[in-house]
Every structure is written in structure tokens, then in C-alpha cells.
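In: Structure for the following, please:
(2 chains)
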2 protein chains.
Amino acid sequence: MESTGEKHQENGLGAKPTVCFLDTIKDIFDTTQSGLATCGVVPFENSTNGSVVFTLDQIADRTGEYPDLSVCAEIYFDVHHCLVGRKQQQGEVEGQGQGGGLAHVERVYSHPQAFGQCTKFLREKLRGVETVDVSSTSRAATLARDDPSGSSAAVSSAVAAQLLGLDILARNIEDREDNTTRFFVLRRRDNSRSSSSNDDDEVPELEEVLTARRRRDHGGDRDIYSHTKSLASFTVPHRSPGALADVLECFRRARLNLTSINSRPSLAQPFQYVFFVEFEGHRLRDPEGRVADALANVAAVAQSCRWWGSWDNMR
Amino acid sequence: MESTGEKHQENGLGAKPTVCFLDTIKDIFDTTQSGLATCGVVPFENSTNGSVVFTLDQIADRTGEYPDLSVCAEIYFDVHHCLVGRKQQQGEVEGQGQGGGLAHVERVYSHPQAFGQCTKFLREKLRGVETVDVSSTSRAATLARDDPSGSSAAVSSAVAAQLLGLDILARNIEDREDNTTRFFVLRRRDNSRSSSSNDDDEVPELEEVLTARRRRDHGGDRDIYSHTKSLASFTVPHRSPGALADVLECFRRARLNLTSINSRPSLAQPFQYVFFVEFEGHRLRDPEGRVADALANVAAVAQSCRWWGSWDNMR
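Out: Numbers count the residues shown, from 1 in each chain, chains lettered A, B, ... in the order given. Reported below is the predicted structural model:
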């Protein structure tokens, strides 16, 4: 699970961005909020292992650290994991089907999300072997390399193995062939370019550039609601029965399809939550005003709510 | 995070149950489904760290392993974590406020949920120290004990430290004082006692015993909807816009307050989900028929749905 902060060399149309790899998901939110990075790329969910709670916890923004961040795009990325380390016995294991060659492995490092995507391999081929959580798969590979005994391995990428001079002990060890991670692209709302506080003016050039690159022909506004997505977070009054259903009803009434729903503890009181919904529709390309209606109605019913951004649906 | 399977010595009213600690949450589902245990106790959510995905993944029951299981009660349990290991320097650290005494710790074992509840302590007092995921906090303490170098510690309980002869290096290291875990009590629907397949007949004696023990005076049926809770899981047709909202609307229309909502990948197709909702109301104590109505309507709208049980609200 790499976590990427992208820094453009210029406020970049054609310029190739400088890519920085950061240790934690929070670091990516921090550098994007501070303006050090033009964009941040964070994993949101994996098709096998579900939501990335580390990202949800930052989007919850419980202490208001990220007032200027929004989501401007999504990226789907096929994920293949390898077991990398030092060969000792019969040599490399090709694929998941074959055994052998792993008896010397006493410890495996990886990111918890990567472990969660390789449970079958770990259970069948490395039962009882210690799994050690670290902050990224690339750090995991480094730790495996640094163990002089050769008994440490990592769930990481083929690229990391190559860069660090490690052997690939097994390839494609993910539970499912269709293992895909969806990432969000974060950007800072560039308020300096406009003196207006109207949200409709908050569409910086960068989003247009990103959108133009990936926009497909959607047949115009007619289909735009099903070809775009938005993210909103909200909390509901603790003692108001039905408040959660009332908020969700706002989207139904506006005929906006909910595509995901998640919750995390609010940490205000035990067993109160911050909710996250994704729905079809774009706040800034909203010919029938349905997104505007829904968000206005949510604001009236919820205790707090925040629109996190809208982007083109990439699936 | 202890995982408990309870086995009653007799089909027990007064008999003290035999308590077994099992390695994984799946083991608890398996032993309860098989009838080896009369009840299983599994963590469902923690007030600091949110849902327990290991439990949700079993409730999703994607391969139909648990056709006879249901949830018959909930238990709230205050959780206090300690850092346990071998003292080496200035002695025990009292509370979170003080430093020192931990410089020799090179590795910390625990269950991922426990790590997730102690992030502040780990970040501030043990920055850069390896954290090693293991299957339970008691196993973590055992691993710390078994390291002859004394440089391993565990996030575990004071009881585990006492049992294993370990030192308590820091007490109450959880992020929040109000750290509470909610557990579900699983039981097997005892179909052998009734030849009828009518769900209304599936109320075995055990549930009555458990309910009687913890039932408070709720003022009769008038308040019963807000003093009981139910759990249902469902999937929605992939290509049916609005299906999720339509299912949730069934609860709103029946005036049943949603108290939690969660989702996990269905693993049928990428980015399709199994949803889990808890709502106020009891399927078997339903004087106005609102729970029955809601579940019937959900069944009509959802692709699949399952009622997992109803119980008394303990908060």
C-alpha cells in the first residue's frame, strides 16, 4: 500500500509532477493541506479488504485540520502482491498453487491492508508465522532486506524486490485476481485565486486539467448524474430517532444513487458516528439542481455536514 | 481483545458456564455453529476504533457456513490496556503522562484492534518501535514473556501480566478513558426443539434465561421499540440505482431508528457490498408489527437479506 504525495514542479499543465512517497496517510493529508504538495493520492477502499479506515479517519477531520482539502478525482489500480525475501531452499514458488521454499520464513512484514488482501496465502503457506504490521509495503521490504538471518520476508511489490535486491518467493499472492484499490486524489481548494467565498467559484484550473485528461464522452448532461460521484460526511443529533434515515432520505428524494456508505466513531461520545456517503452526481455540473437540493436538505437535518468534492466516475 | 466461546456444563439455568478462550473470531462462530459451544461472545465495535471487521466478515457469511447462528444479546465492556513486559530501567511508568522506562522496548505485540485503541501512547512513547499483529492480546503477552532478551512488550491486560509473571510497564494506555467494546452474544437457533420452520417458534429457553437476567423495567410494550435492537444484513442488486436508499427507506417508513450501518465487500464482484444495519425494535416483541413490516419490505427490495437476531438494548 503505497501512499503518495504528488508535487508539481510548476502549477502544471504539461510539467511532469515530482512524486514523493510518504510514510503515512496522515502525512499526505498534511502536506496537501499545507500546500507543500499540489495533490495527494490516498487509498479509499480495496475490492477485497474494504474501506481504508486510516483514510476515513482523516476525512472525518474531527479537529478541523483539513479545512481546505477536497477530493477531485478517483483512480482504480489493480494490485498484485508478492512475497519477497531471501531464497533459501527449493527456489521460487510460482503462483499460489505450489508449496515449498518458505520453511525458513519466520516473520512477514507488511501494511495491514496488504495482509488483509492475502489472507488465504498467509493461512495456507505461512500458518503460524508472525505477521508484523508496518506503515507501508516498501518499508516492509526494507525490513526484510535488513534482517541478516534471511528469515524475514515481506508482502510487497515486485518493483520493491528489484530495487532492494530481494528474491521473489511467491507472486500474485492476493486472495482474488480482481484485487483493485480505489484511490482518491486530494487537492487544496485554491481560495487565493478568487476573492469570492461562493463555492461555485472554487474550481481551480487544476481540476479542469485533471478532468480533461480522464473525461470520457458521457453523452452530455443527460447522463451526467450517473457518470459523476460526490463525497459528503455528516453527523446526526445523538438523541434524535430517525435522523440517520432522514439524512439518507435526502439523497433518495433527489434521485441520487448512493454508491457507498461508511461510518467511523465520532470520538465526541462513545458510539456516536461520523458517516460518509458517496452518491452519483456532481455539485458543480448539476443541470437539474438535484445535488444542490440534496446537500441543502442534508444540511437542514444533520448536525453537521461537509461536501468533500465531486469527480468523474471512473468505472 | 479476548475472544470467548462459552460452553455451558448443562443446558444451564443455574449451572456456571465453562468458558473457553479461542484464537480467532472465526473459531467462535465455528464452535457455536457446530454446537460445541452454547454461546459465543464476539466483539462487534469499539467506541474508539470502530467496527470489528473480523466479526462483520463472519456475519456476512458469504459461503453459508453459519445458517443457524443468531445474535441474542449485547454486552458493553470497559476496556483498559496495559503495556506489559520486562522492567529494565527506572521502573514502572504510572499512567500516560510520564515518560521513561521504555527505552529497552524494541517490539510490541498485540491484536490490531488493541493497537488501534492505543495510538497516542504508541506514537508518543514508542515512536519507531515495531508493532507486531497477533491474534489476541493474551497471545501477545505470551510472546513478550517468551522473548529472552526482554526487549519485547505487549499491549494486553493486567490480568495477563499477572498470570504470566510479567511487569506492567504502563497502565491505562488507551487513547480515551471511555474506551468501551460492545460484544454480541451468538447462539445457535435450536431447530431440534420444534418441527415448525416458523421463525416465531425459534425462541429457545436460553434466550429467555439470558433476557430475564438482564431485562430492566422498560415500562411495557409502549417503549419496547426504543429499548430493543435488531441486526439485519442485506445485499442490493448491483445495477439498480437507488436500491440501497430503497432498503433504508423501509426502516424509516416503519419508524424504526437506524442505530448503526456498516458495509463489507461482498466478494461476488469488486465494489459490491454486504450491508449491515442495526435498528431499534425486536422481531419477536413487535406489538405494532413494525419490525415485521420493515423486514418484509426489505426482502422485497433487496437482493438478499437476513435477520440476525433481536435483543434488549443495554445502553
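In: roughly how far apart are the residue nearest to residue A:118 when sequence neighbours are not counted and residue A:120?
Out: Residue nearest to residue A:118 in three dimensions, not counting chain neighbours: residue A:173, with 4.9 Å by C-beta to C-beta, 6 or more residues apart in numbering or on different chains. The way it works is simple: take the backbone N, C-alpha and C, and place the C-beta from them, glycine included. Per C-beta to C-beta, to the nearest Å, residue A:173 is found 8 Å from residue A:120.
In: neighbour count winner among those two?
Out: residue A:173 (22 against 13; other C-beta atoms under 10 Å in any protein chain shown).
In: show me the contacts for the more buried one.
Out: A:81-83, A:96, A:118, A:121, A:155 (C-beta atoms under 8 Å, 6 or more residues apart in numbering or on different chains).
In: Between those residues, which sits nearest chain B?
Out: Set against chain B, the nearest of these by C-beta to the nearest C-beta is residue A:155 (12.4 Å).
In: residue contacts, the closest one?
Out: Applying C-beta under 8 Å, 6+ apart, the residues near residue A:155 are A:81-84, A:108-111, A:114-115, A:118, A:137, A:140, A:173.
In: List just the nearest of those residues to residue B:18.
Out: Closest to residue B:18 out of the contacts of residue A:155 is residue A:115 (33.1 Å), distances taken as C-beta to C-beta.
In: and the gap between the closest one and chain B?
Out: The gap separating residue A:115 from chain B is 7 Å, by C-beta to the nearest C-beta, to the nearest Å.
In: For that residue, report the pLDDT, please.
Out: pLDDT for residue A:115: 92.
In: Give me the phi and psi for the spatially closest residue to it that is not a sequence neighbour.
Out: Nearest residue to residue A:115 in three dimensions, chain neighbours excluded: residue A:131, at 5.7 Å (C-beta to C-beta, 6+ apart). Here is the backbone geometry of residue A:131 (degrees, to the nearest 10): phi -110, psi 130.
In: Okay, residue A:43 and chain B: tell me how far apart.
Out: To chain B, residue A:43 is 14 Å away according to C-beta to the nearest C-beta.
In: Now residue A:307. Nearest residue, chain neighbours left out?
Out: Closest to residue A:307 by C-beta to C-beta, 6+ apart is residue A:232, at 5.2 Å.
In: From residue A:279, how far off is that neighbour?
Out: Distance, residue A:232 to residue A:279, using C-beta to C-beta: 7 Å.
In: When those two are compared, which one has more neighbours?
Out: Taking other C-beta under 10 Å, residue A:232 and residue A:279 do not tie; residue A:279 has more neighbours (28 against 25).
In: Could you double-check that that one lies in contact with residue A:255?
Out: No. Counting by C-beta atoms under 8 Å, no contact exists between residue A:279 and residue A:255, whose distance comes to 10.2 Å.
In: those strands in the stretch 101-250 of chain A, which residues are they?
Out: Secondary structure of the stretch 101-250 of chain A by DSSP state E, counting those that start in this stretch: the strands cover A:107-110, A:130-133, A:152-156, A:167-170, A:180-188, A:228-235.
In: how about the ones you listed in TSV, adding mean pLDDT?
Out: Converted to TSV, those look like this (pLDDT from 0 to 100):
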stretch	mean pLDDT
strand A:107-110	94
strand A:130-133	86
strand A:152-156	96
strand A:167-170	96
strand A:180-188	96
strand A:228-235	97
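In: Show me the one of those that comes nearest residue B:38.
Out: strand A:130-133 (32.2 Å).
In: Listing partners with orientation, what would you give for that closest one?
Out: The strands beside strand A:130-133 in its sheet (DSSP bridges) come out as strand A:107-110 (parallel), strand B:130-133 (antiparallel).
In: what's the most buried one of those?
Out: strand A:107-110 (a mean of 26; mean count of other C-beta atoms under 10 Å in any protein chain shown).
In: residues in contact with that one?
Out: A:83, A:118, A:122, A:126, A:129-134, A:137, A:139-141, A:143-144, A:147, A:151-156.
In: now do stretch A:49-57
Out: A:24-26, A:42-46, A:113, A:116-117, A:184, A:262, A:264, A:276, B:50, B:53, B:263-265.
In: So which residues of the stretch 201-315 of chain A form helices?
Out: For the stretch 201-315 of chain A, the helices defined by DSSP state H, counting those that start in this stretch occupy A:205-214, A:224-227, A:243-253, A:290-301.
In: so, in contact with chain B or not, the third one?
Out: Just to be clear, that refers to helix A:243-253. Yes. Residues of helix A:243-253 are located near chain B by C-beta under 8 Å from any C-beta of the partner chain, namely A:244-246, A:248-249, A:251-252.
In: which of those lies closest to residue B:59?
Out: residue A:244 (19.7 Å).
In: give me every residue that touches the closest one.
Out: Contact analysis of residue A:244 by C-beta under 8 Å, 6+ apart lists A:236, A:275, B:257-258, B:261.
In: mind redoing it with 6 Å?
Out: Residues near residue A:244 by C-beta atoms under 6 Å, 6 or more residues apart in numbering or on different chains: A:236, B:258.
In: Flag every residue of chain A that's near chain B.
Out: Taking C-beta under 6 Å from any C-beta of the partner chain, the part of chain A that reaches chain B is made up of A:47, A:50, A:131-133, A:178, A:180, A:241-242, A:244-245, A:248, A:251-252, A:257-258, A:261, A:264-265, A:270-271.
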